Structures are given as structure tokens and as C-alpha cells.
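Undergrad: Using only what follows, build the 3D model:
(chains A, B, C and D)
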2 protein chains.
Amino acid sequence: MKIGDVSAKLGMPASTIRYYEKIGLIKPQHRVSGRREFDEGALFALEFIRLSQAAGFTIAETKSLLDAYTTDPSAKGAWVSKAQKKKLEIDITMKELMQMDLILSELLSCKCVSLTECIEKGVTRYAVS
Amino acid sequence: MKIGDVSAKLGMPASTIRYYEKIGLIKPQHRVSGRREFDEGALFALEFIRLSQAAGFTIAETKSLLDAYTTDPSAKGAWVSKAQKKKLEIDITMKELMQMDLILSELLSCKCVSLTECIEKGVTRYAVS
DNA sequence: GCTTGACTTAAAGTACACTTTAAGTGGTAT
DNA sequence: ATACCACTTAAAGTGTACTTTAAGTCAAGC
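TA: Numbers count the residues shown, from 1 in each chain, chains lettered A, B, ... in the order given. Next comes the predicted model:
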């Protein structure tokens, strides 16, 4: 699969994919007459990166999750605790998203004529504890 | 409430709060002998901003959600459709977070010695459709 | 065979969201 | 009363994550 196909399939600019390779987030892809050829593993890595970004993790964090124990099997223990920590962070983000959703729902269903009125009426009671 | 107290309560640097005021994300706070005094409304706005950021929205998007129909009640219609759109975006992000969580769970529970092996065994079948 | 367009590189540029700096003010504790 | 620390400002600096540019290569269709 060429970079253009991968780009279309994942909805990710080709420039971004090249950038990820440049900074070592994905392995240097095998070249066929100078162009990158992507396999399933590369596609997984890119999708993993996309989801990791969506989860609010930085490139460095993503790299750390993606690198670990691929080169050194004995590093799996460290990877496991790292991944577990990330799961907790995802959990926190999920709760924040749910709270944001709840606030938007409250503001959407109320009859106030302004946000200020909503705040006075206590529509925002979920927000600040 | 002074900026330091707000900062401590929300876990948000005072510099960030000043920055939010400077760019108009929050209203200019009332000053008491030169220092900002924050009320419940301001606290709500800041918590709203924090959650909005967690939901992956930009400052501009957050501002748009926070501004609308506060000054012009007739703009509520536009605000409503905007907020509904945001709720859909939150929904997408939630699904991505769940997928990320699922992938991490799979990788955590498998017995592979490397990520490459996991990919080959199809542990990643949830990732790329 | 020649045009088209996707690909290649390295390097510079951009956007967003703060964060830091420098210089100064003001209320509180010893 | 004096030291201290949180506060004030505007402006410059920082970090992350790309994105664009410029110059060039290469394979495929007309």
C-alpha cells in the first residue's frame, strides 16, 4: 500500500505520515522504487497513533507505548504498568467528557435566555463541586 | 476569591487564568485594590473551559460556546445547533477513547513477547477495519 | 515520448496554547 | 517598618505537532 492509499484509508495527511516516520514514531517503511510500502503492522501503528492522539496523549507518550517491549521482551513489565496508567488516564478523560456532555445537555434543555441566567438557576451545579 | 485560590481550587495556573482573561475567554474580572475577585460565574466558566479542553475543543470553539447568547438572546438558536454538534463530537471522541482502552486491554491481557507478535496474532483486529 | 501527478527530501514556516520575563505595586506577618 | 510574597502589566519566549515550500524523481496513461 502506498502512502496516498494509507492517507485516504486513515484520513491522515501523507505529510503527517512522513513526519511520523521522520521522528521515529513509526519504523522506516520498506521502499519500492523509492516510495514507501505500508503493511498491516504499519497501518495498526498509525491507527494506534490516531487513537492515542484522540485520547489526549502526546507523541512522546504514544511513542513510549508503541516502542516498549518491541525491541526488548524483558521490558514488558514496564510497558504493562505504563499501559495500565494510560487506561486510568483514559478513564479520567471519559469522565470529563461525560461531564462536558452533561453540562451541554443541561444548557440545551433549560429555558434560560442567557448563560448568566443558567448559572444563577444552578444549571451548572454539576460543574463546580 | 483571589486568583491564587481559584488556581488552587481548579488546578489551573494563575498565568493561564490571566491569559484567558486577556484573550477574552472569560470576562474582565472585578478588581479589588488592583487584584481580580472571582465569583461563582467565573468559576463555572473556568471549569467549563477546562472540560471543553479535555473534550478536545480549541479555545476558539470554547469561546464560541461560552459567548453565544450571553450577550444576544436571539442567538440561542445558533448556540443550540452548535452545542448539539459538540455533543456529537464528544460522542465520537468517547468511542475513540473506548477503542483505545480496548486495544490497551487486549495488549495487556495477551501473552505475546512483542507488539509485533500481537499484531500477527490479530490482537489488533479492533483497530483497523 | 511526453505530460501528469503522486511521490521523494530537507528545511523553514505556522498555529495553538500557554509560560516566562522584567519591572513594579500592595497587603500581611514579624 | 520592613521584609515578603502574591499580585499587576506587556511583551517576548517556548513546546508541540504538524504543514508548507522548493527542488527534484519516477511510473503510468495518452
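Undergrad: What backbone torsions are found at residue A:98?
TA: Residue A:98 has phi and psi values of phi -70, psi -40 when expressed as degrees, to the nearest 10.
Undergrad: what residues are up against it?
TA: Residues in contact with residue A:98 (CB atoms under 8 Å, 6 or more residues apart in numbering or on different chains) are residue B:94. Quick note: C-beta positions are derived from backbone N, CA and C, even for glycine.
Undergrad: Residue A:80 against residue B:105, yeah?
TA: No: at 11.6 Å, residue A:80 and residue B:105 do not qualify as touching, with contact defined as CB atoms under 8 Å.
Undergrad: Show residues contacting stretch A:71-89.
TA: For stretch A:71-89, with CB under 8 Å, 6+ apart as the criterion, the contacting residues are A:55-57, A:61, A:64-65, A:68-69, B:101, B:104-105, B:107-108, B:113-114.
Undergrad: So the residue of chain A found nearest DNA strand C: helix, strand or coil?
TA: Evaluated by CB to the nearest atom of the strand, chain A has residue A:4 as its residue closest to DNA strand C, separated by 2.3 Å. At residue A:4 the chain is in helix, as set by DSSP: H, G, I helix; E, B strand; the rest coil.
Undergrad: so where is chain A shaky, pLDDT-wise?
TA: Within chain A, the ranges that satisfy pLDDT under 70 run A:124-129.
Undergrad: need the strands for it, in chain order.
TA: With strands called from DSSP state E, chain A shows them at A:30-32, A:35-37.
Undergrad: for the first one, which positions count as buried?
TA: Under the neighbour-count criterion of 16 or more other CB atoms under 10 Å in any protein chain shown, strand A:30-32 has nothing buried.
Undergrad: what's in contact with it?
TA: Contacts of strand A:30-32 from elsewhere in the structure, counted by CB under 8 Å, 6+ apart, are A:36-37, A:39.
Undergrad: Distance to residue A:97 and neighbour count for the residues you listed - can I get that in a markdown table?
TA: Listed next are the contacts of strand A:30-32 as a markdown table, based on distance: CB to CB, whole Å; neighbours: other CB atoms under 10 Å in any protein chain shown:
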| residue | distance to residue A:97 | neighbour count |
| --- | --- | --- |
| A:36 | 35 | 19 |
| A:37 | 37 | 14 |
| A:39 | 33 | 11 |
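Undergrad: from the contacts of stretch A:71-89, which would you call buried?
TA: Taking 16+ other CB under 10 Å as the criterion, what is buried in the contacts of stretch A:71-89 is A:55-57, A:61, A:64-65, A:68-69, B:101, B:104, B:107, B:114.
Undergrad: Pull the most distant pair out of those.
TA: The distance between the two most remote of these (CB to CB) is 26.4 Å, for A:56 and B:114.
Undergrad: Residue A:97: neighbouring residues, count only.
TA: The criterion is other CB atoms under 10 Å in any protein chain shown. On that basis, residue A:97 has 20 neighbouring residues.
Undergrad: My guess is it contacts residue B:90. True?
TA: Yes: distance between residue A:97 and residue B:90: 5.3 Å, which falls inside the contact criterion (CB under 8 Å).
Undergrad: who touches both of those two?
TA: When contacts are counted by CB under 8 Å, 6+ apart, the set common to residue A:97 and residue B:90 consists of residue B:55.
Undergrad: What about residue A:100, how many residues nearby?
TA: Look at residue A:100: counted by other CB under 10 Å, it has 27 neighbours.
Undergrad: From residue B:26, how far off is residue A:26?
TA: For residue A:26, the distance to residue B:26 (CB to CB, to the nearest Å) stands at 40 Å.
Undergrad: Let's have the strands of chain A in JSON lines, adding distance to DNA strand C.
TA: Putting those into JSON lines (distance: least, CB to the nearest atom of the strand, whole Å) gives the following:
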{"stretch": "strand A:30-32", "distance to DNA strand C": "7"}
{"stretch": "strand A:35-37", "distance to DNA strand C": "4"}
